[in-house]
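Trainee: what's the 3D shape of this:
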Amino acid sequence: MTGAPDGARPVRAEDAFDVAAMDAWLRSRTELPDGLPEVRQFTSGASNLTYLLAYPDRDLILRRPPSGTKAKSAHDMGREYRIQAGLKPVFRYVPEMVAHCNDETVIGSEFYLMERVAGTIPGHRALGVDLTAAQTRQLGFTLIDTLAELHAVDPAAAGLSDLGRGAGYVGRQLTGWSDRYRKAKTWNVPSYHKVISWLVDNQPNDVRTCVIHNDFRLDNVVLRPDDPLRVVGVLDWELATLGDPLMDLGSALAYWVQADDDWAFRRFKLQPSDVPGMLTRDEIVRYYTERSGLEPVNWAFYEVFGLFRLAVIAQQIYYRYHHKQTRNPRFKNFWLPVNVLERRCRRIIRQA
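Mentor: Purely as a prediction, here's the structure:
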């Protein structure tokens, strides 16, 4: 084991799997040190399950769907593996893929394995590394450089030309997320009718089509252990597809709480984007558009859509709690940010 990463905890009983069966399957496909691995679980995510397999001198990461998952399309391990395997030769920040198993008899579900990228993953409240304000600002530029580098990847070179559905990405996303919200709405959240209507009336055409991550956040990157100003890994490719790069940027900035935001918005921050020196959202948009050469006609659309999309994600999780499909107390108050995000959307619309 090369050092236990932060966030790796003992495996929850309901998420345990047959380690010996997995190990036997994997040994037929790659060389491994003797003995079974020590298995720990990363518990911060809310979707696919992620485990650390610590063999002597080799750490692997295993990903599989949550127990009892019925909708395979929402937790498609083969798709997630294929995207990363294709990107690895042309996008240096993707982990090295090891093996994909679609035989559900091995551990009860499909799964895949990849090499662990050693380094620091920023937490919810802190970067996890000691940086001056000037260094933090430089890290902010590096993050946006990484996203822009992904958007410059040729999908054909990665063998991913068939990943998306072609032109019309903006319209499909707006229709899809609006439908999801209506289906997940509960009595204690707003209708979002005015927000959705404004988005429909102001939707732009796709600026271009490229590989997008769709969940690009500070806590989905790995910082180099001996140089935390450099990114060495980008994680969690579950939502990656071919789409509009400005939609990807807008979705990423929905999570970007900054130091001068109001109390309500800061209360629900999920990443340390407000630490001293970090770029503001306006600075990020300006830097990204200068670097990429893209000129958004109406940036407010991408900002409002990103916030609306985040609200739908929160509401879909709350809906499961509200209807007692999960007892996880973490989700009890997810209806509150759905209300806060609606007010923020309407404020941006008024100022647009």
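Trainee: which residues of the chain fall in helices?
Mentor: For the chain, helices defined by DSSP state H occupy the ranges 19-27, 77-87, 133-151, 169-184, 193-202, 245-253, 263-267, 281-292, 299-322, 335-351.
Trainee: Minimum distance to residue 216: which of these has it?
Mentor: helix 245-253 (4.3 Å; Cβ to Cβ). C-betas here are computed from N, CA, C, even on glycine.
Trainee: Return the list of helices and strands in contact with the lowest-mean-pLDDT helix or strand in the chain.
Mentor: When the helices and strands of the chain are compared on mean pLDDT, DSSP states H and E, strand 8-9 comes out lowest with a mean of 84. Contacts defined by 3 or more Cβ pairs under 8 Å, 6 or more residues apart in numbering; DSSP states H and E place strand 8-9 against strand 38-42.
Trainee: Could the C-alpha coordinates of the strand it packs on be exported in CSV?
Mentor: Written as CSV, here are the backbone C-alpha positions of strand 38-42 (Å, rounded to 0.1, in the frame of the first residue of the first chain):
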residue,chain,number,x,y,z
GLU,A,38,-7.0,-4.6,2.1
VAL,A,39,-10.2,-3.1,1.0
ARG,A,40,-11.5,0.4,2.1
GLN,A,41,-14.4,2.5,0.7
PHE,A,42,-14.7,6.1,-0.3
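Trainee: which helices and strands does it pack with?
Mentor: Judged by 3+ Cβ pairs under 8 Å, 6+ apart, strand 38-42 is in contact with strand 8-9, strand 49-55.
Trainee: average pLDDT for the last one?
Mentor: What that stands for is strand 49-55. When pLDDT is averaged over strand 49-55, the result is 94.
Trainee: Please work out which residues outside it touch it.
Mentor: With Cβ atoms under 8 Å, 6 or more residues apart in numbering as the test, strand 49-55 has contacts from 1, 4-5, 8, 11, 15, 32-33, 35, 37-42, 59-67, 113, 116.
Trainee: ok now it, how far from the chain's centre?
Mentor: Mean-position distance between strand 49-55 and its chain equals 19 Å (Cα atoms, centre = their mean, to the nearest Å).
Trainee: buried set for it?
Mentor: Neighbour counts over strand 49-55 (16 or more other Cβ atoms under 10 Å) mark 49, 50, 51, 52, 53, 54, 55 as buried.
Trainee: Could you pull out the buried residues of stretch 36-53?
Mentor: So, applying 16+ other Cβ under 10 Å, buried residues of stretch 36-53: 37, 39-42, 45, 47-53.
Trainee: average model confidence for stretch 288-299?
Mentor: For stretch 288-299, the mean per-residue pLDDT is 91.
Trainee: Please apply the same query to stretch 324-340.
Mentor: According to the model, stretch 324-340 has a mean pLDDT of 86.
Trainee: now the end-to-end length of that stretch.
Mentor: End-to-end distance of stretch 324-340: 23 Å, with Cα to Cα, to the nearest Å as the criterion.
Trainee: Show residues contacting it.
Mentor: Contacts of stretch 324-340 (Cβ under 8 Å, 6+ apart): 186, 188-190, 264-265, 267-268, 310-311, 314-315, 317-322.
Trainee: So this structure: which segments form each domain?
Mentor: Domain segmentation of the chain under the TED database yields 8-115, 133-351.
Trainee: what's the least confident stretch among those domains?
Mentor: domain 8-115 (a mean of 90).
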